[in-house]
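Student: the sequence and its predicted three-dimensional model are supplied below.
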Amino acid sequence: MCLSLKLHVPASERARLEEVVARAPSDGLRVELLHAPIWPWARRHDAVARVSEQGGCACSLLAEDADWGAEAWSMRPEILEPLARTLSALAEAGPEGMIVEALWQGETPEREQSITAAELAGLARRSQLGTRTRYLLSRQPRE
């Protein structure tokens, strides 16, 4: 099992996500747009991009003390700032309502939180990305 750090947008926003991924900062992290499904019926599903160090899962971002049962992912200190900058850039340029999840494969989110790009970057910077949280990106600060 692995950690997946993914960004989701509706299939209709795939081209925009592709542009955002192409302009993502290269801070030692890799942002990959997953291939579009080849079956017409599956093209209705969200477009998904994945953030990692070397492609694939994001397990290498985790600190030695990371625990999937904790409230937040414990990440390596040297990865926090690059992760914050990468997520901030993606969230700022992405479409309203983009979803960001850092979930153990097979897990589903238990809570949903509306958040701005700056707030998401702040969580990443402090190693506070929730283990079972779906973040809904919003241009407007929460009240």
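Tutor: Structure's in. What do you need? These numbers come from a predicted model, not from an experiment.

Student: quick one: low-confidence residue ranges for the protein.
Tutor: Along the chain, the model assigns pLDDT under 70 to residues 1, 36-44, 141-143.

Student: list the buried residues in the one helix or strand residue 7 maps to.
Tutor: Under the criterion of DSSP states H and E, residue 7 resides in strand 3-9. Within strand 3-9, the residues scored as buried using 16 or more other C-beta atoms under 10 Å are 3-9. Any C-beta I mention is one placed from the backbone N, CA and C, and that applies to glycine too.

Student: which one of these is nearest to residue 120?
Tutor: Relative to residue 120, the closest of these is residue 7; by C-beta to C-beta it sits at 10.4 Å.

Student: may I have the beta-bridge partners of that closest one?
Tutor: residue 49, residue 100 (DSSP bridges).

Student: enumerate every residue touching it.
Tutor: The neighbours of residue 7, taking C-beta atoms under 8 Å, 6 or more residues apart in numbering as the test, are 17, 48-51, 90, 94, 98-100.

Student: again, only using 6 Å
Tutor: Neighbouring residues of residue 7 by C-beta atoms under 6 Å, 6 or more residues apart in numbering: 49, 98, 100.
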